[in-house]
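1. Sequence first, then the predicted structure:
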Amino acid sequence: MGDEVLSIDGLHVSVEDTEIIKGLSLNIRIGEIHAIMGRNGSGKSTLVNAIMGHPAYEITSGSIKFKGVDIEEMEVFERARAGMFLSFQYPSSIPGVQVGTFLRKSVSSVRGDSAPSAREFRKELKSHMESLNMDKSFLARYVNDGFSGGEKKRLEILQMLLLNPCLALLDETDSGLDIDALRVVSDGINSIAPKAGCLLITHYERLLEHVKPDYVHVMIDGKIVKTGNAELASELESRGYDWLEA
């Protein structure tokens, strides 16, 4: 695998004075896919939001380093420009903003001087849309306005492919997807995985049948309590989480 892209050491995170993450450590290298599984309320979404710098999530102790640099003081947009990407569990709608405009502005803002020319952007956009089975009429629609769950997730994967991050944080990307959409979205994740570190939050083994994780972590009450390979996801599917709390 490649260089270490994310290093979390002894992390504690609170939301409105309630501690959610309670001493978590995790290291991800380029080319690695890490999956985190756990019950609702275990702290999975809190973790990725804290990594991305959401202001509602307060780091009370511990550290998060991105490519060897402590990022606690970095703003969200600075983290994005440095190469971090977060897909949301519940993507927001932006009525009045067309998808094509949104994507172009996102790429220009995040990639900065390395952003492609208008011609190259159109070429990249067309290629990625074809890989995700997205019709060009999609670009004229307003962002997530009236979108199905599958359409929202495809748009996020399309944005990720265009931004080309070196750390992808994917929060329940499989939520609301039918079988065909799950396969298409998984192909998008797999295409970026060799050149990025990926952290997947999921409840179900079905995503991991298409995106093969190098590590599966089980999160309970704000801590990683067990780490294994893809077989651990199968065990969780059949046994649940009670056996890990004994």
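-> Nice, I can see it.
2. Grab the nearest non-local neighbour of L11.
-> Leaving out its chain neighbours, the residue that sits closest to L11 by Cβ to Cβ, 6 or more residues apart in numbering is G62, at 3.7 Å. Using the backbone N, CA and C atoms, a C-beta is placed for each residue, glycine as well.
3. Then Y215?
-> Nearest-residue entry for Y215: H34, 4.8 Å, with adjacent residues in sequence omitted and distances by Cβ to Cβ, 6+ apart.
4. where does this structure have low pLDDT?
-> Within the chain, the stretches with pLDDT under 70 are 1, 246.
5. all strands of it, in order?
-> Counting by DSSP state E, the chain has strands at residues 4-15, 18-29, 33-37, 58-66, 69-70, 84-87, 94-98, 142-143, 167-171, 197-201, 215-220, 223-228.
6. most tightly surrounded among those strands?
-> Comparing these by mean neighbour count (mean count of other Cβ atoms under 10 Å), strand 197-201 ranks first with a mean of 26.
7. Between strand 58-66 and that strand, find me the angle.
-> 140 degrees (axes from the mean of the first three to the mean of the last three Cα atoms, to 10 degrees).
8. Please enumerate residues in contact with strand 197-201?
-> Residues outside strand 197-201 that contact it (Cβ atoms under 8 Å, 6 or more residues apart in numbering) are 5-6, 28-36, 44-45, 47-48, 51, 89, 166-173, 189, 192, 207-208, 211, 213.
9. sorry, back to before: surely the residue nearest to Y215 meets L26?
-> Yes. In terms of Cβ atoms under 8 Å, H34 counts as a neighbour of L26; the distance is 7.2 Å.
10. For those two, list the residues in contact with both.
-> In contact with both H34 and L26: H217, using Cβ under 8 Å, 6+ apart.
11. where's M52 relative to S191, distance?
-> Per Cβ to Cβ, to the nearest Å, M52 is found 22 Å from S191.
12. mind listing the helices for this structure?
-> According to DSSP state H, the chain carries its helices in the segments 44-52, 76-82, 99-111, 118-131, 149-163, 179-192, 205-210, 230-239.
13. Switch these over to a markdown table; also include mean neighbour count and distance to K22.
-> Below are the helices of the chain laid out as a markdown table (neighbours: other Cβ atoms under 10 Å; distance: least, Cβ to Cβ, whole Å):
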| stretch | mean neighbour count | distance to K22 |
| --- | --- | --- |
| helix 44-52 | 24 | 11 |
| helix 76-82 | 16 | 23 |
| helix 99-111 | 17 | 32 |
| helix 118-131 | 14 | 39 |
| helix 149-163 | 21 | 29 |
| helix 179-192 | 17 | 29 |
| helix 205-210 | 18 | 25 |
| helix 230-239 | 15 | 21 |
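14. how about those helices in CSV, adding distance to E245?
-> Formatted as CSV, those follow (distance: least, Cβ to Cβ, whole Å):
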stretch, distance to E245
helix 44-52, 16
helix 76-82, 34
helix 99-111, 41
helix 118-131, 41
helix 149-163, 31
helix 179-192, 30
helix 205-210, 20
helix 230-239, 12
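15. Among those, which comes closest to V15?
-> Nearest of those to V15, taken as Cβ to Cβ: helix 44-52 at 6.7 Å.
16. and the closest one, what does it pack onto?
-> Packing partners of helix 44-52 (3 or more Cβ pairs under 8 Å, 6 or more residues apart in numbering; DSSP states H and E): strand 4-15, strand 18-29, strand 33-37, strand 58-66, strand 84-87, strand 167-171, strand 197-201.
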